[in-house]
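Trainee: what follows is a predicted protein model with its sequence.
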Amino acid sequence: MKKSILLSSLFLFFVITGCTDKSSRQDDESEYIADSHLELWKQQKEFAERILSEPQTFETDFTEECDKLEIKITESPDGKVRFFTWWDGSTGTMISHNNIYQTKNSRGKYHSFDWRDWEKEMSSVNYIQAIRQVETENETIYLIFYGLTEWSSCHAYGVEAYKMNRKGELVPAYVFNCEDLPQNINSMPQKDNLSRYLYIEIYGWIPPSICLDGGWMDNFFFDRSADEIYILDLIWNHKSGNQMFDEMYHRFYWDGEHFIYAETTFNPALAMLIEEPERFILEFELGKLLIRIDQMEDGTLRYTAFDSRHMFDSEPRLIIENGWSHEVEHEYHFYNNDYEYLLNTEEERLYIYKIDNSKHRTATIANYKIENEIYKP
């Protein structure tokens, strides 16, 4: 049996057995929820009851309140679906999350629904990462992405398709073509060779670049137009003794009714992130660019600038090699023809200087303030 199929089966086993176990614990919430989390959980429960009983709050901005209650809000691009997700206090291999959602249907009516009912097909205990959507001739298909497990060496994720019925409820939509699916991607359940669900397994380390924009699934599995899906491929890494990302990805395209597997394609961004570096140093966003600094095997540093919106199909905007750092001054230096790029992590600024042949600075070309946090391992 393939590892992916085995893990899928194990996942379903844990969900089925976990459901029964969890239901029995609901009688004594203080035993199920850690004491330190109990007060917060009670407040989250009160918030959920309010949302479920008052669908008209769909138009309310709950950002500040949800931040205090540690509840994640995820909205669809068309503004007609809004999910609230929070940790339910469980611990162990399978960490569960509660989900409730609100919708506004085509007639402008508001509705609230609970995904915590284990008896329903749509119930979910998973952490919702993002929502994308595509259009058919008659309806909108919502693609909901969420994490499935918290295993130490395996990250499992699901992509599930739904449409909205007249009552405003999200019901399964079978839009994934299950024929000739690539390795490490499963689908279930199936209906006439079309599925509403894709199951993806990722082993090992996830490049920090994928974690931008509020979650790596949101930023990395789908392009911004949501007309295509990109699923990462895997390769065995002998250096780390674990599976890592390959420089290939699987592409699915939307034909107006279904997602069809198209091809496995080379990704220049993934190749830059995983093939050559000896050690990741840091990265940050600068406008529409993602700047990344890696240490190479010979000890020198490499500066790479990606267009963050086209990392799937474009080469990096700029690559500067043979850089060096000054740890005391918190500086990283890179020379590119007649220019010097200097990153000061203490000031959180990127300077670009014009230099002469003797490498003396003659003019300041740019002085950028880094607004977003510099990510370091």
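Mentor: Perfect, thanks for sending it.

Trainee: please make it C-alpha for all contacts and neighbour counts, starting now.
Mentor: Fine.

Trainee: W87 pairs with what?
Mentor: H97 (DSSP bridges).

Trainee: make 32 the first number, not 1, from now on.
Mentor: That works, and once the first residue is 32, the last one we named lands at W118.

Trainee: hang on, isn't it packed against N130?
Mentor: No. With contact defined as Cα atoms under 8 Å, W118 does not reach N130; the gap is 9.1 Å.

Trainee: more crowded one of the two?
Mentor: Comparing W118 with N130 by neighbour count (other Cα atoms under 10 Å), the higher total belongs to N130, at 24 against 20.

Trainee: hang on, the more buried one is in a helix, isn't it?
Mentor: No. The assignment for N130 (DSSP: H, G, I helix; E, B strand; the rest coil) gives strand, which keeps it out of a helix.

Trainee: which residue is the nearest non-sequential neighbour of it?
Mentor: Nearest non-adjacent residue to N130, counting by Cα to Cα, 6 or more residues apart in numbering: T116, 4.6 Å away.

Trainee: quick one: pLDDT of the one you found?
Mentor: For T116, the pLDDT comes out at 92.

Trainee: residues contacting stretch 394-403, please?
Mentor: Residues from elsewhere that reach stretch 394-403, judged by Cα atoms under 8 Å, 6 or more residues apart in numbering: F315, E316, L317, E379, R380, L381, Y382, I383, Y384, K385, I386.

Trainee: and which of the residues you listed is nearest N169?
Mentor: Of all the contacts of stretch 394-403, E316 has the smallest distance to N169: 39.0 Å, by Cα to Cα.

Trainee: mind listing what's buried in stretch 370-388?
Mentor: Buried residues in stretch 370-388, counted by 16 or more other Cα atoms under 10 Å: 370-376, 379, 381-386.

Trainee: pLDDT of that stretch, averaged?
Mentor: In this model, stretch 370-388 carries a mean pLDDT of 93.

Trainee: in the stretch 82-231 of the chain, where is pLDDT below threshold?
Mentor: Residues of the stretch 82-231 of the chain that meet the criterion pLDDT under 70 lie in 122-126, 147-156, 179-187, 214-215, 231.

Trainee: tell me which stretches of it form strands.
Mentor: 103-106, 112-118, 128-135, 141-145, 158-166, 171-178, 185-195, 201-203, 207-208, 216-218, 221-222, 225-226, 228-234 (DSSP state E, counting those that start in this stretch).

Trainee: who wins for proximity to W72 among these?
Mentor: From those, taking Cα to Cα, the stretch that ends up closest is strand 112-118, at 8.6 Å.

Trainee: residues in contact with that closest one: which ones?
Mentor: For strand 112-118, the external contacting residues (Cα under 8 Å, 6+ apart) are 89, 101-107, 126-135, 158-159.

Trainee: ok and that strand relative to strand 171-178, angle-wise?
Mentor: Angle, strand 112-118 to strand 171-178, by axes from the mean of the first three to the mean of the last three Cα atoms, to 10 degrees: 10 degrees.

Trainee: next, the buried residues of strand 112-118.
Mentor: Using 16+ other Cα under 10 Å as the test for burial, strand 112-118 gives V112, R113, F114, F115, T116, W117, W118.

Trainee: ok, the fifth one to S143 distance?
Mentor: Meaning T116. 14 Å (Cα to Cα, to the nearest Å).

Trainee: joint contacts of the two?
Mentor: Listed as contacting both T116 and S143 by Cα under 8 Å, 6+ apart are I131.

Trainee: for whichever helix or strand T296 is part of, which helices and strands make contact with it?
Mentor: Here T296, judged by DSSP states H and E, is contained in strand 290-297. Helices and strands touching strand 290-297, by 3 or more Cα pairs under 8 Å, 6 or more residues apart in numbering; DSSP states H and E, are strand 207-208, strand 273-285.

Trainee: let's go with 10 Å and repeat that
Mentor: The contact analysis (3 or more Cα pairs under 10 Å, 6 or more residues apart in numbering; DSSP states H and E) places strand 290-297 against strand 207-208, strand 225-226, strand 259-268, strand 273-285.

Trainee: and the contacts of stretch 394-403 as CSV, adding secondary structure?
Mentor: Formatted as CSV, the contacts of stretch 394-403 follow (three-state DSSP):
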residue, secondary structure
F315, strand
E316, strand
L317, strand
E379, coil
R380, strand
L381, strand
Y382, strand
I383, strand
Y384, strand
K385, strand
I386, strand
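
Trainee: which one of these is nearest L174?
Mentor: Set against L174, the nearest of these by Cα to Cα is E316 (26.9 Å).

Trainee: so what sits opposite the closest one in the bridge?
Mentor: Here E316, judged by DSSP bridges, has bridge partners L321.

Trainee: the residue lying closest to I131 once chain neighbours are set aside and F78: what is the separation?
Mentor: Setting aside the residues directly before and after it, I131 is nearest to D145 in space (Cα to Cα, 6+ apart), at 4.5 Å. Separation of D145 from F78 (Cα to Cα) stands at 13 Å.

Trainee: which of those two has more neighbours?
Mentor: Shown here are D145 and F78; by other Cα under 10 Å, D145 has more neighbours (19 against 16).

Trainee: that one touches T134, doesn't it?
Mentor: No. Judged on Cα atoms under 10 Å, D145 makes no contact with T134 at a distance of 11.7 Å.

Trainee: mind giving me the domain split of the protein?
Mentor: Domain ranges of the chain: 34-297, 310-400, per automatic domain parsing.

Trainee: in a markdown table: the buried residues of strand 112-118, plus distance to V202.
Mentor: Below are the buried residues of strand 112-118 laid out as a markdown table (distance: Cα to Cα, whole Å):
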| residue | distance to V202 |
| --- | --- |
| V112 | 13 |
| R113 | 15 |
| F114 | 15 |
| F115 | 18 |
| T116 | 19 |
| W117 | 22 |
| W118 | 24 |
